[in-house]
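1. here is a sequence with its predicted model. Questions after.
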Amino acid sequence: MLKLEPRPAPSRVMSIASPLLALAITVVIGVVLFLLLGKDPLRGLQVFFVEPLKSVYALSELAVKATPLLLIALGLAVCFRSNVWNIGAEGQFVLGAIAAGGVAMLAEPGTGRWIVVPILLAGVLGGMAWAAIVALLRDRFNANEILVSLMLVYVADQVLGYLVYGPWKDPDGYNFPQTITFLEATKIPRLFAGSRVNIGLLIALLAVAGFWAFLFRTYAGFQLQVGGLAPAAARYAGFSSRRALWTALLLSGGMAGLAGGLEAAGPLGQLTPHVPAGYGFAAIIVAFVGRLHPVGIVFSAILMSMFYIGGELAQSRLGLPKSLTGVFQGLLLFTLLACDTLIHYRLRWKPAHVPAEPAPASTDTNTVQPAPAEGQA
């Protein structure tokens, strides 16, 4: 029978192979799902893994989806490496979009392109402010950052709903819950004509290099990682746990807010109740599939954006529900967690233990029996 046996040391090979194995298992389960839904599994896999790479336009849409995932996941990687569990990046994304949208609506017809910088800066500050609430409650009252950050997601959604249904509602929008369409000067500059890819992609790639240097080439990044891996050693070395908490959460919130600002002033062009697209939650999977490493996160962000586009195509071409995207994301996370077990354990085939049969009772009548004790009949 198969048994899990502890490894003497974590396997570096499995730490790299685990995401690939998880993806393969996800694909196999996906084939089963397509069969159960009465769809051609080959056509379903083609929609998810081939169509998003089939043309230049498809690749540009892949980049549009991957940009916010990459930005948010980079910030979350810093948090998770610091043992700070920020689960509310979705709320920080929404607040970044709200802050950026508020600045964008201040533009007038004569406003120059310079306003893009304040818009993005407002997005960063909005996300940082929302994350600062989590840091403050954790720092002063020892509140659980998982619960606080998660609950603030729903508060952010309510704030957005209040604004687009109330004071920021477009008076000429036929009573739809939306703001005015942002002026052209406020739109994030695009990289290519005829595509929706904007400078957010370049910002995200620069952020990858910046976060790699911060985590692995600076003393501050070293402090954060030591505090996450060995809190007792960090305290002994004199590293400040409070500084690590605030640094990790503010960085994470700022990146999520930047992603929200790029999304609001980029592909969306206005604020609506549909700003929360689930990027903040999907970025958690992106961060872990990418092994909390900036370079690995690039590839996992591309994979997750393929799931987003594949889900939309499956809805329009195969008649499948859009929720299939969430199914694939969840499958990838659960299979990754299962495969990560093989980093610290290995499978060994051990034969089942067969109990020894008891020796048969002796039937030899010539055996000399012991004499009875004195006083016994």
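-> Looks like it came in fine.
2. contact partners for Phe176?
-> The contact partners of Phe176, taken as C-beta atoms under 8 Å, 6 or more residues apart in numbering, are 170, 272. Yep, even glycine has a C-beta here, placed from its N, CA and C like the rest.
3. so how far is Tyr345 from it?
-> Separation of Phe176 from Tyr345 (C-beta to C-beta, to the nearest Å): 54 Å.
4. measure Leu206 to Gly200 for me?
-> Leu206 is 11 Å from Gly200, by C-beta to C-beta.
5. these two - which one has more neighbours?
-> Neighbours were counted for Leu206 and for Gly200 using other C-beta atoms under 10 Å; Gly200 has more, 27 against 10.
6. ok, the more buried one touching Pro267?
-> No - between Gly200 and Pro267 there is no contact under C-beta atoms under 8 Å: 9.3 Å.
7. distance of the closest residue to Leu37 other than its chain neighbours from Thr179?
-> Closest residue in space to Leu37, ignoring its immediate chain neighbours: Leu320 at 6.6 Å, by C-beta to C-beta, 6 or more residues apart in numbering. Leu320 sits 32 Å away from Thr179, going by C-beta to C-beta.
8. same check, this time on Ser60
-> 26 Å.
9. residue contacts, Ser323?
-> Gly311.
10. let's see 6 Å
-> With C-beta atoms under 6 Å, 6 or more residues apart in numbering as the criterion, no residue contacts Ser323.
11. same check, this time on Arg196
-> Counted by C-beta under 6 Å, 6+ apart, Arg196 has contacts 64, 267.
12. what are the ranges of the helices in the stretch 51-200 of the chain?
-> 56-81, 89-104, 116-141, 145-165, 200-217 (DSSP state H, counting those that start in this stretch).
13. no no, the stretch 251-377 of the chain
-> Taking DSSP H, counting those that start in this stretch, the helices of the stretch 251-377 of the chain run over residues 279-289, 294-317, 324-339, 341-344.
14. the shortest one - contacts with which helices or strands?
-> In terms of contacts (3 or more C-beta pairs under 6 Å, 6 or more residues apart in numbering; DSSP states H and E), helix 341-344 is packed against helix 12-36.
15. kindly recompute the last result at 10 Å.
-> In this structure, helix 341-344 makes packing contacts with strand 2-6, helix 12-36, judged by 3 or more C-beta pairs under 10 Å, 6 or more residues apart in numbering; DSSP states H and E.
16. one more: the longest one?
-> Using 3+ C-beta pairs under 10 Å, 6+ apart as the contact test, the elements touching helix 294-317 are helix 12-36, helix 41-49, helix 56-81, helix 200-217, helix 279-289, helix 324-339.
17. and the next helix or strand past the helix or strand where Gln225 lies?
-> Using DSSP states H and E, Gln225 sits in helix 219-229. Sequence-wise, the next helix or strand downstream of helix 219-229 (DSSP H and E) is helix 231-236.
18. buried sites along that next one?
-> Ala234 (16 or more other C-beta atoms under 10 Å).
19. same question, stretch 211-229
-> 211-212, 214-215, 221, 223-228.
20. in TSV, list the helices and strands packed on helix 341-344 along with distance to Val286 and mean pLDDT.
-> Formatted as TSV, the helices and strands packed on helix 341-344 follow (distance: least, C-beta to C-beta, whole Å; pLDDT from 0 to 100):
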stretch	distance to Val286	mean pLDDT
strand 2-6	28	84
helix 12-36	11	91
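21. tell me which of the ones you listed is the most buried.
-> helix 12-36 (a mean of 16; mean count of other C-beta atoms under 10 Å).
22. just checking, what packs against it?
-> Helices and strands touching helix 12-36, by 3+ C-beta pairs under 10 Å, 6+ apart, are helix 41-49, helix 279-289, helix 294-317, helix 324-339, helix 341-344.
23. so Gly30 touches Gln329, yeah?
-> No - Gly30 lies out of contact with Gln329 (C-beta atoms under 10 Å); the separation is 11.7 Å.
24. distance of the residue nearest to Leu37 relative to Glu312?
-> From Leu320 to Glu312 the distance is 10 Å (C-beta to C-beta).
25. looking at these two, which has the bigger crowd around it?
-> Set Leu320 next to Glu312 and count neighbours by other C-beta under 10 Å: Leu320 wins out with 21 against 18.
26. quick one: the more buried one and Leu36 touch, right?
-> No - Leu320 lies out of contact with Leu36 (C-beta under 10 Å); the separation is 11.6 Å.
27. need the contact list for the residue nearest the centre of the chain.
-> For the chain, the residue nearest the mean C-alpha position is Ile284 (1.8 Å; C-alpha atoms, centre = their mean). By C-beta atoms under 10 Å, 6 or more residues apart in numbering, Ile284 lies in contact with 72-73, 76, 80, 85-87, 89-90, 329, 333.
28. wait, which of these is closest to Gly280?
-> Among the contacts of Ile284, Glu90 lies closest to Gly280 (C-beta to C-beta), at 2.8 Å.
29. for Phe34, what are its contacts?
-> Contacts of Phe34 by C-beta under 10 Å, 6+ apart are 40-45, 47-48, 314, 318, 320, 324.
30. go ahead and confirm Leu331 touches Ile29.
-> Yes - contact criterion C-beta under 10 Å: Leu331 and Ile29 qualify, at 5.6 Å.
31. where in the chain is pLDDT low?
-> Low-confidence segments of the chain, defined by pLDDT under 70: 352-377.
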